[in-house]
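Student: the following block contains a protein sequence and its predicted model.
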Amino acid sequence: MKFVGRYIHSLFATSRLQERLNKKEHEIYKYKVITMLFTQEHNELRRTVKNFVESEINPYCDEWEAAGTFPMRELFKKMGDLGLLGISKPEEYGGMGLDYSYNIVAAEALGAAHCGGVPLAIGVQTDMCTPALARFGSDELRKEFLAPAIAGDMIGCIGVSEPGAGSDVAGLKTTAKKDGDDYIINGTKMWITNAPSADFICLLANTSDDKVHINKSLIIVPMNTPGVTVAPKLDKLGMRSSETAQVFFDNVRVPQRNRIGNEGMGFMMQMMQFQEERMFGAANVLMGLEGCVNKTIAYCKDRETFGQPLINNQVIHFRFAELQTEIEALRALTYQAVELYLSGKDATRLASMAKLKAGRLGREVTDSCLQYWGGMGYMWDNPVSRCMRDIRLVSIGGGADEIMLGIICKLMGILPGKKKK
C-alpha cells in the first residue's frame, strides 16, 4: 500500500490544488445537506436519454454482449445528432453549454441500459477523454477534435493506465520528448476502452524529468499516427460489449500544439477529469442497481417455495427495503457532490466517497439479488449475473477503492504523513 500514500501526497502537492482545498471551505460543507433541484429541462433530457436507451440500446444488448462489440460509430452519431455527447460542452464547438447537473441526469438515465459496456463507452467519450480538452484546449485543438467528438463523428479514448501504473498515476512511464516543434512519444497504455475504434487518444505522458506531479502533460494523439499500434481486444470479465485494448507508442511524432494547456499541468488536469469520471460512474450505476432489485422482486413474486412466494419471507422483503434505501443514499451523496462541483467548490472528497460507495454497494446489491435467484442466478445470461460482472469494474477503474479511501483520509486529516528525518 506504499504507492497509495505516495499517490495521495503527490496529488495534493501542487499549489493550485492545495489552494482549492481550503479548510474553512470544507467546514462549511461538512454538515450541509444540498439537494439537486431538477427543472423541466432536466426532466426532458432524462426522458430523451431513457427513450434512446430503450429504442437504440436495449433491444441489441444480448447480441452486442455475445459479439464483444457494438456499432460504436453508428450509435455515437445518433447520440451526436441528439446533442447527447456534448451536454455540458461549449456551444461554440457544438455542445449544449448546459451545466454539469444535466450531464449527471444523462449518466443516470444511461444506467437503464441492459448492459454496462455501452454506457461505459459513452462515458469515456463524454466524461473521461474530453473534459480537459473542452476546458483547457486551444481553439485549434478543440475545433479539430472536440467538435467532431461532440457531433459523434470522432471517437475518443483516454490513455492514463499502464501495465505497471494503474491507480498509481504518478508512476506512469510513457514519455513525450521534444524534438523541434514536435513530441516523440514512447510507451504503452493498458485497459484502454474504445481504443480499437478510436480516432484519438487523450494521452497522459511524462514531458520532463521533473517531480512526478509536475512533469506530465495531456496530449491529443490521432490513433492513425505512424507508430501507434492497438493490440487485439482484451477478454474481460464484464463490460463485454465495450472494446478495450492495450496501445503501444513507438517513436510516435505529434506536434506540440496537440498538448492540452501548459506543459507540466497534465497531472492536475487529469485529477480534475477524474472528478467528472467518478461522478459519472456513481450516477451511472443507480438505475442498474434499481433494475437488479426490481427484477429480483418480480422473480421472487413468481417463484414459489414451500407453498408460498419467495417474496413473502420477511428476510427477503426486508432485504429489498434495505438495498433500495442504500441506493437512495448513494443517489443523495452523488447529487451532493455534483452540487458542490457546480458551485465551484472542490468536490474531491464527496466525489471520492460516491465512487467508493458505488463500487461497494454494486457488489452488495448484485450479490444479494443473485442469491435469491438461486441456480438461475448462476447462469451467464442472467441479468443480475451480468450486472455483477459489469459493476465489479467500478471499484477498480478511475482509481481503485484503496485510492478513494486514501483521498478521503487525506481530506479528513488522518492520512499518516512522511516522517521527518
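Tutor: Received the coordinates, thanks.
Student: low-confidence stretches in this structure?
Tutor: The chain contains residues with pLDDT under 70 at 1-36, 418-421.
Student: do that again at 50, thanks
Tutor: The chain contains residues with pLDDT under 50 at 1-34, 421.
Student: give me the residue at the spatial middle of it.
Tutor: Glu277 (3.5 Å; C-alpha atoms, centre = their mean).
Student: distance of that residue from Gly397?
Tutor: Distance, Glu277 to Gly397, by C-beta to C-beta, to the nearest Å: 8 Å. C-betas here are computed from N, CA, C, even on glycine.
Student: next: Tyr100.
Tutor: 20 Å.
Student: run a quick neighbour tally on Phe280.
Tutor: 30 (other C-beta atoms under 10 Å).
Student: now do the closest residue to it other than its chain neighbours against Asn194, distance only.
Tutor: Closest residue to Phe280 apart from its sequence neighbours, by C-beta to C-beta, 6 or more residues apart in numbering: Asp127 at 4.1 Å. Going from Asp127 to Asn194 by C-beta to C-beta gives 13 Å.
Student: repeat for Glu108
Tutor: Counting by C-beta to C-beta, the gap from Glu108 to Asn194 is 21 Å.
Student: those two: which has the busier surroundings?
Tutor: Asn194 (27 against 23).
Student: give me every residue that touches the closest residue in space to that one that isn't next to it in sequence.
Tutor: Spatially, and ignoring its direct neighbours in sequence, Asn194 is nearest to Cys157 (4.1 Å; C-beta to C-beta, 6+ apart). By C-beta atoms under 8 Å, 6 or more residues apart in numbering, Cys157 lies in contact with Val124, Cys129, Ile192, Thr193, Asn194, Ala195, Ala198, Phe200, Ile201, Cys202.
Student: those helices in the stretch 101-250 of the chain, which residues are they?
Tutor: Shown for the stretch 101-250 of the chain, the helices assigned by DSSP state H, counting those that start in this stretch span residues 117-123, 131-136, 139-141, 147-151.
Student: tell me how far the last one lies from the chain's centre.
Tutor: The one in question is helix 147-151. 19 Å (C-alpha atoms, centre = their mean, to the nearest Å).
Student: contacts for that helix next, please.
Tutor: 77, 80, 85-86, 89, 93-95, 125, 129-130, 154-156, 199-200.
Student: next one: the third one
Tutor: By C-beta under 8 Å, 6+ apart, the residues outside helix 139-141 that reach it are Leu133, Ile220, Arg257, Asn258, Ile260.
Student: restricted to buried residues, select these in PyMOL.
Tutor: Command for PyMOL, covering only those of the contacts of helix 139-141 found buried under the criterion 16 or more other C-beta atoms under 10 Å:
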select buried, resi 133+220+258+260
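Student: can you get me a residue count around Leu340?
Tutor: Neighbour tally, Leu340, other C-beta under 10 Å: 21.
Student: for whatever helix or strand it lives in, buried residues please.
Tutor: Following DSSP states H and E, one finds Leu340 within helix 314-342. Residues of helix 314-342 classed as buried: 316, 319-320, 323-324, 326-327, 330-331, 333-341 (neighbour count, 16+ other C-beta under 10 Å).
Student: against which helices or strands is the very next helix or strand once past it packed?
Tutor: The element immediately downstream of helix 314-342 (helix or strand, assigned by DSSP H and E) is helix 348-373. Packed against helix 348-373, as judged by 3 or more C-beta pairs under 8 Å, 6 or more residues apart in numbering; DSSP states H and E, are the following elements: helix 266-302, helix 314-342, helix 383-391, helix 401-412.
Student: and these as CSV, adding distance to Glu162?
Tutor: Converted to CSV, these look like this (distance: least, C-beta to C-beta, whole Å):
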stretch, distance to Glu162
helix 266-302, 13
helix 314-342, 28
helix 383-391, 24
helix 401-412, 15
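Student: next, count neighbours for Ser368.
Tutor: Neighbours of Ser368 using other C-beta under 10 Å come to 18.
Student: pretty sure it sits against Gln324.
Tutor: No. Taking contacts as C-beta atoms under 8 Å, Ser368 lies outside contact range of Gln324: 11.3 Å.
Student: which neighbours do these two share?
Tutor: With C-beta under 8 Å, 6+ apart as the test, Ser368 and Gln324 reach no residue in common.
Student: chain neighbours aside, what residue packs nearest to Leu330?
Tutor: Lys357 (5.2 Å).
Student: which ones are touching that neighbour?
Tutor: Ala282, Ala329, Leu330, Leu333.
Student: phi, psi of the residue nearest to Gly264 when sequence neighbours are not counted?
Tutor: Leaving aside its sequence neighbours, Gly264 sits nearest to Ile214 (C-beta to C-beta, 6+ apart; 4.9 Å). Main-chain torsions, Ile214, degrees, to the nearest 10: phi -130, psi 20.
Student: now do stretch 368-386: everything it contacts.
Tutor: With C-beta under 8 Å, 6+ apart, stretch 368-386 has contacts from 62, 65, 114-116, 238, 291-293, 295-296, 299-300, 310, 316, 319, 323, 366, 388.
Student: surely Arg331 touches Leu286?
Tutor: Yes. Arg331 is in contact with Leu286 according to C-beta under 8 Å; the separation is 5.4 Å.
Student: so Leu98: helix, strand or coil?
Tutor: Following DSSP: H, G, I helix; E, B strand; the rest coil, the label given to Leu98 is coil.
Student: any idea how far it lies from Leu84?
Tutor: 11 Å.
Student: neighbour-wise, which of the two wins?
Tutor: Leu84 (24 against 19).
Student: to what extent is Thr48 buried, counted in neighbours?
Tutor: 16.
Student: so what's the residue count around Lys380?
Tutor: To be clear, residue 380 is Trp; Lys isn't right here. Trp380: 8 neighbours (other C-beta under 10 Å).
Student: now it: how far from Asp62?
Tutor: Trp380 sits 11 Å away from Asp62, going by C-beta to C-beta.
Student: please name the nearest non-neighbouring residue to Val365.
Tutor: Closest to Val365 by C-beta to C-beta, 6+ apart is Leu289, at 4.7 Å.
Student: buried residues in stretch 238-249, which are they?
Tutor: Gly238, Met239, Arg240, Ser241, Ser242, Glu243, Thr244, Ala245, Gln246, Val247, Phe249.
Student: what's the answer for stretch 95-112, then?
Tutor: 95-96, 98, 100-112.
Student: how about stretch 151-159?
Tutor: So, applying 16+ other C-beta under 10 Å, buried residues of stretch 151-159: Ala151, Gly152, Met154, Ile155, Gly156, Cys157, Ile158, Gly159.
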